[in-house]
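J.: return atomic coordinates for the entry below.
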Amino acid sequence: MSTRHTVVDTTLGPVTIVAEGDAVTGLYFRHHTRRPARETFGTAVAGDALLTEAATQLKDYLAGHRREFALPLRAEGDAFQQAVWSIVNEIPYGETTTYGRIAERLGDRGLAYRVGQAVGANPLCVLVPCHRVLGANGNLTGYAGGLRRKQALLELEEPAQVRAGRLF
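T.: The predicted structure follows:
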């Protein structure tokens, strides 16, 4: 089956979900950094089983009813990007890591900048949880969907005991 997409209204705004064949290949917010050209998304469809399931799982996640996605995913990227995205995909719900820690896992802390570039190029935003990657000092740093969305996703996943201990 050819490339196709659907646009889903979510609590974070409209999201475009793209599929090619039997896999989800992209998830993009409006005004997403590095958002591919619209024509690469293929035909807009309704009733596509894979895109409908992806939309359902995304909405369930954003409603706090899902912690993991069970979707066939395929992201195009070079070997380094694939290695970074694989590590990012292992970050558990409610936890975070840093670009530097990912670089260390790849064997060289000096790769942190390249890791940041790869994280920023993740075409499966939210599904491959790049929002769980923070700067070295724990600060929010760039997010292709915008820092406001990154903060919202982290707050959604925040453990109850942490949330209860916050003063504001």
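J.: hmm, who's touching stretch 148-158?
T.: Residues from elsewhere that reach stretch 148-158 (CB atoms under 8 Å, 6 or more residues apart in numbering): 11-13, 29, 62, 64, 93-94, 96, 126, 129, 131-132, 140, 143, 163. All C-beta spots, glycine's among them, are computed from the backbone N, C-alpha and C.
J.: of all the residues you listed, which two lie farthest apart?
T.: Phe29 and Arg163 (24.3 Å; CB to CB).
J.: quick one: contacts for the closest residue in space to Ser2 that isn't next to it in sequence?
T.: Excluding its sequence neighbours, the residue lying closest to Ser2 (CB to CB, 6 or more residues apart in numbering) is Gly42, at 5.7 Å. By CB under 8 Å, 6+ apart, the contact list for Gly42 reads 2-5, 18, 20.
J.: nearest to Tyr113 among those?
T.: Val18 (27.8 Å).
J.: about what we covered before: which among the contacts of Gly42 count as buried?
T.: Buried residues within these, counting neighbours by 16 or more other CB atoms under 10 Å: 4-5, 18, 20.
J.: tell me where the longest helix sits in the protein.
T.: helix 49-62 (DSSP state H).
J.: that one: which residues count as buried?
T.: 50-51, 53-55, 57-59, 61-62.
J.: also stretch 121-138?
T.: Under the neighbour-count criterion of 16+ other CB under 10 Å, stretch 121-138 has 121-134 buried.
J.: reformat those as TSV; add secondary structure.
T.: Below are the buried residues of stretch 121-138 laid out as TSV (DSSP: H, G, I helix; E, B strand; the rest coil):
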residue	secondary structure
Ala121	coil
Asn122	coil
Pro123	coil
Leu124	strand
Cys125	strand
Val126	coil
Leu127	coil
Val128	strand
Pro129	coil
Cys130	helix
His131	helix
Arg132	helix
Val133	strand
Leu134	strand
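J.: what pLDDT, on average, does stretch 124-132 get?
T.: Mean per-residue pLDDT for stretch 124-132: 97.
J.: what's the end-to-end length of it?
T.: One end of stretch 124-132 sits 13 Å from the other (CA to CA, to the nearest Å).
J.: and if you look at stretch 115-127?
T.: OK, stretch 115-127 end separation, CA to CA: 18 Å.
J.: try stretch 18-28
T.: 8 Å.
J.: among the buried ones among the contacts of Gly42, name the ones in strands.
T.: 4-5, 18, 20 (DSSP state E).
J.: just to check, Tyr93 is in contact with Arg66?
T.: No - Tyr93 is beyond contact range of Arg66, at 9.2 Å (criterion: CB atoms under 8 Å).
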